[in-house]
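Trainee: model this:
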Amino acid sequence: MINLKDIRSLTDFQRNAKQYLQHIRENRNPMVLTVNGKAEVVVQDAEAYQELLDRLERAESIAAIRQGIAEFERGEGRPARQALEALRAKHGVSS
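Mentor: Have a look, this model is predicted:
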């Protein structure tokens, strides 16, 4: 979540970059930088950003698995062995 105290102008950030980067590293919260009063960019600690990406990937995987289960339960799927055999036949791959 973005803290309203962590919104700064790009100019202010540039003037005090070391101080703001230290603040970002310590609290691990992103900072919004504005240009002419409009949010333009978010600066975030690299480790916190990677954690965010990992969480997103996990959430997307869980959603895809749930979708696959729901499709199978609606009769839209088929057993893995049957699907693999169809792929082998389609591409001329022997088992």
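
Trainee: what's Leu21 sitting at in phi/psi?
Mentor: phi -60, psi -40 (degrees, to the nearest 10).

Trainee: Hmm, I typed the wrong one, I wanted Val35.
Mentor: Per degrees, to the nearest 10, the backbone of Val35 is at phi -130, psi 120.

Trainee: quick one, what contacts it?
Mentor: By C-beta atoms under 8 Å, 6 or more residues apart in numbering, Val35 lies in contact with 9-10. Where C-beta positions appear, they are placed from N, C-alpha and C, glycine not excepted.

Trainee: Can you check the pLDDT for it?
Mentor: Note on Val35: pLDDT of 97.

Trainee: Bridge partners for it, pull those for me.
Mentor: Lys38 (DSSP bridges).

Trainee: ok, Ile65 to Arg58 distance?
Mentor: 11 Å (C-beta to C-beta, to the nearest Å).

Trainee: Then Gly77?
Mentor: 23 Å.

Trainee: More neighbours: which of these two?
Mentor: Under the criterion of other C-beta atoms under 10 Å, the comparison of Gly77 against Arg58 puts Gly77 first, with 14 against 10.

Trainee: Which residue, neighbours along the chain excluded, lies closest to that one?
Mentor: Spatial nearest neighbour of Gly77, chain neighbours left out: Glu71 (5.3 Å); criterion: C-beta to C-beta, 6 or more residues apart in numbering.

Trainee: Work out for me the element the one you found sits within.
Mentor: Per DSSP states H and E, Glu71 falls inside helix 46-73.

Trainee: got it, and Ala86?
Mentor: helix 80-91.

Trainee: Show me what that helix is packed up against.
Mentor: In terms of contacts (3 or more C-beta pairs under 8 Å, 6 or more residues apart in numbering; DSSP states H and E), helix 80-91 is packed against no helix or strand at all.

Trainee: Perfect, I'm done here.
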